[in-house]
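In: Sequence plus predicted model, see below.
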Amino acid sequence: MAATGKKVMVTVRKAPHGSIYVQESIEVMFIFATYDMDLSVVFMDDGVLALHPGQDTKGLGIKGFMASLGALVDWEVTKVYVDRQSLKERNIAEDAIISIGKDEETDAPIRPKVLDSAEIAAMMAVQHSLVSF
Amino acid sequence: MLHTVNKSPFQNSALENCLRVAQKGDVILLLEDGVYAASAGTARSSLIEQAVKQHTVYAIDADLKARGLGNLIKDVRVASYGDFVDLVEQHPVHAWL
């Protein structure tokens, strides 16, 4: 993704499955990925629950979007971050969150980068636009 | 009385409001995003840890699985949709939306 594009951040703060917000946010990530912009994504508050391991939506009769999240790196959405405090409050281990792709050479899973509130605040402050879900 | 809660305990105070009013012996059913309250070791676990002392607390199985929740607070019972129907038949219901 060209670094010359505008800086745009998508923030995800809703829990998955109970509403359509997280699904919509992922659609927007893929749409933004096709444009020339400097895209970053932050999961925080209940949004980190979208990264909970072991989600299986069969019993709800819906497809779920865990596979879509796993393709973000393939779509060059690589600046994906998650708030440390939100994970901790929800007892989700930082190294257990679902991956957003695989390393091309080592095949190792790539996970969203865990950040502190201050780091997220600093990133928010330099965006041209923020899109919140 | 059967109280149903479908909101995340991190998002709003629906569960707290419910527990303030629920009487000893009332049944609490967690569904949809409400099931996050049944997860052990979180910043909101104390709500249900206290509630199970006074109430039978259920969480819907399909909602737990959809959210990847397996490590539940002790004494929380897992309910199928069939169990949900039975509970609704047996009690008047208040939904804490």
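Out: Arrived safely.

In: and B:N71, what is it in contact with?
Out: Applying CB atoms under 8 Å, 6 or more residues apart in numbering or on different chains to B:N71 gives the contacts A:N91, B:S39, B:A40, B:G41. (Glycine included, C-beta is placed from N, CA and C.)

In: who touches B:T4 in this structure?
Out: Taking CB under 8 Å, 6+ apart as the contact definition, B:T4 lies against B:L29, B:L30, B:L31, B:G34, B:V93, B:H94, B:A95, B:W96.

In: Beyond the strand or helix carrying the first one, next helix or strand please.
Out: Under the assignment given by DSSP states H and E, the secondary-structure element containing B:L29 is strand B:27-30. On the C-terminal side of strand B:27-30, the nearest following helix or strand under DSSP H and E is helix B:45-51.

In: worst-scoring helix or strand of chain A, pLDDT-wise?
Out: When the helices and strands of chain A are compared on mean pLDDT, DSSP states H and E, helix A:66-69 comes out lowest with a mean of 94.

In: Show me what counts as buried in that one.
Out: Using 16 or more other CB atoms under 10 Å in any protein chain shown as the test for burial, helix A:66-69 gives A:M66, A:S68, A:L69.

In: ok, so of these, who is nearest A:R13?
Out: Using CB to CB, A:L69 comes nearest to A:R13 of the buried residues of helix A:66-69, at 15.8 Å.

In: avg pLDDT for the one helix or strand B:H3 maps to?
Out: For B:H3, the element it lies in under DSSP H and E is strand B:2-5. Averaging pLDDT along strand B:2-5 yields 98.

In: and that strand, which strands flank it?
Out: In the sheet, strand B:2-5 lines up against strand B:27-30 (parallel), strand B:93-96 (parallel) (DSSP bridges).

In: right, and the ones you listed - which one's nearest A:V22?
Out: Checking these against A:V22 by CB to CB gives strand B:27-30 as the closest, at 19.6 Å.

In: circling back: same list (the strands paired with strand B:2-5) but as CSV, adding mean neighbour count.
Out: Listed next are the strands paired with strand B:2-5 as CSV, based on neighbours: other CB atoms under 10 Å in any protein chain shown:
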stretch, mean neighbour count
strand B:27-30, 25
strand B:93-96, 15
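
In: hmm, back to that, and the very next helix or strand once past the strand holding B:H3, what's buried?
Out: Remark: after strand B:2-5, the chain's next helix or strand is helix B:14-21, criterion DSSP H and E. For helix B:14-21, a neighbour-count test (16+ other CB under 10 Å) marks B:A14, B:L15, B:C18, B:L19 as buried.

In: same deal with stretch A:115-132?
Out: Quick answer for stretch A:115-132 (16+ other CB under 10 Å): A:L115, A:I120, A:M123, A:V131.

In: And for stretch A:100-119?
Out: Buried-residue list, stretch A:100-119, by 16+ other CB under 10 Å: A:I100, A:G101, A:I110, A:R111, A:P112, A:V114, A:L115.
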